[in-house]
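[1] What shape does this take:
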Amino acid sequence: MQFRQSGQGDERRRRVFRDEMLAGTDQGDVAAGGTAQSREEADGRVYPDAASAQRQAPLTSLLPQRPLKLVALFLLGGLAIAGIELLYARLFVGLPEQFQASLAVFDLKGRGNIAQWFASLTLFIGALTSQLVYLIRRHRLDDYRGRYRVWQWATACFLIGSFDAATGAHAIFQPAMIQLTGKTLLGDGAIWASLIVGIAVAACFIRLAIEISGSRIATAFMSLAAGSYVGFLVVNYHPALNAAALTRIIAGSAALLAGHFCLVYSVALYGRHVYQEAQGTRRALRTKPVVTPAKEAEKPRVTKPRTGLFGSKKVRVDAAHEKTSGDATPAEVPTISKKSIQKTVSASVESSSSDTSRPMSKAERRRLRKLDRRQQRQDDESDD
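    Numbering: from 1, shown residues only. Got it, this is the predicted structure:
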């Protein structure tokens, strides 16, 4: 039985998840004033805003949330199971035969009795609860493989189980397997039906147990359900209990009803778990993103004073973000004529060339000739 699919649908689902998350975050930011805090809170959740109670069907509010309500449901289920068994043991068994025919609804050995109808109702409630869990669980952001689809299968299995509990349709497997194999196991061959139904239930049960493993209390009740089903098989087919017919009937019926109830109760507990995660009231188990430490602010570089090209003046250049040392207004820069600069440069070049014994480079000679031509041109213009 295939519970999930993979392939191109996974990539499409990733894109849908991203669009859903971005759309929900943008709308939440507009409503809250567009603050950056709402974006950070949305990034830490495993459910988008589309899974919130305001955007879900009103039926999702039927999932039990208060602990008092959960305790009341558990006590109600336990009292119902105990009442059904007591009605059979204390009322039906002691009645005369003419009254037993009219009160056959309390006979746990026949079909259509009150225990079967209670089991059918319990499993039908399990189907509704599974569908409510599916409506919220499908929005989980990190479910790239689509494991939420198991709740669709769970809904179908609960519906089939509810139909079988009310009608006893699984009994058809007994003559079919005897006809097919030619063997009767353990007497009349009734175990054939239990084997086939048990294999199907075990497959769904194991997959559902893996899904709800995130909730400890739901896993605990799932374990109780598994123990109840095993107890039902032991009570019905263990040879030591064949003599105690009344005990076997009551214990087997109670174990089966307890298994159904604990299974549905574990689904309801997991539904509460998922609902709280979607609303943000419960922290989901998710790997935290790696947060890199903030880099230290780089200190501004202070440039050293640079000397002019020809060693006559010193100019200090500040860095791009460096504050000036003085608070007073900058001093006025004296105006220097171009002619005085040229004379100073030429004098410095001549003095440097005369002091040093090394020959002038080609660039220096070219610069000197250029300055001479410019000086001569200016002298000619001044004479005119």
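
[2] Chain neighbours aside, what residue packs nearest to A268?
    T129 (5.3 Å; C-beta to C-beta, 6 or more residues apart in numbering). In short, each C-beta sits where N, CA and C put it, glycine included.

[3] any idea which helix or strand carries that neighbour?
    Secondary structure from DSSP states H and E places T129 in helix 114-137.

[4] any idea how far T60 is from the residue nearest to A268?
    11 Å (C-beta to C-beta, to the nearest Å).

[5] So the two - more neighbours on which side?
    Shown here are T129 and T60; by other C-beta atoms under 10 Å, T129 has more neighbours (25 against 18).

[6] contacting residues for the more buried one?
    63, 264, 267-268, 271 (C-beta atoms under 8 Å, 6 or more residues apart in numbering).

[7] quick one, helices of the stretch 101-250 of the chain?
    114-137, 150-167, 173-181, 191-211, 216-237, 245-279 (DSSP state H, counting those that start in this stretch).

[8] avg pLDDT for the third one?
    What helix 173-181 shows for mean pLDDT is 82.

[9] contacts for that helix?
    184, 188-190, 192-193, 196-197.

[10] Could you check the angle that helix makes with helix 191-211?
    110 degrees (axes from the mean of the first three to the mean of the last three C-alpha atoms, to 10 degrees).

[11] Pick out whichever of the contacts of T129 sits closest to M222.
    V267 (8.7 Å; C-beta to C-beta).

[12] For that closest one, give me the pLDDT.
    So V267 comes in at 94 (pLDDT).

[13] what's near enough to touch it?
    V267 is in contact with 126, 129-130, 133, 154, 208, 212, 218, counting by C-beta under 8 Å, 6+ apart.

[14] switch the cut-off to 6 Å
    Residues counted as contacts of V267 (C-beta atoms under 6 Å, 6 or more residues apart in numbering) are 126, 129-130.

[15] Would you mind putting those into a markdown table with distance to P67 alongside?
    As requested, those are exported to a markdown table (distance: C-beta to C-beta, whole Å):
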| residue | distance to P67 |
| --- | --- |
| G126 | 21 |
| T129 | 17 |
| S130 | 22 |
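
[16] Closest one to A80 out of these, please.
    Using C-beta to C-beta, the contacts of V267 come closest to A80 at G126, 15.0 Å.

[17] Quick check: that closest one vs R272, distance?
    15 Å.

[18] Now for Y47, how many residues are close by?
    Summarising burial for Y47: neighbours were counted as other C-beta under 10 Å, giving 24.

[19] for Y265, same thing?
    25.
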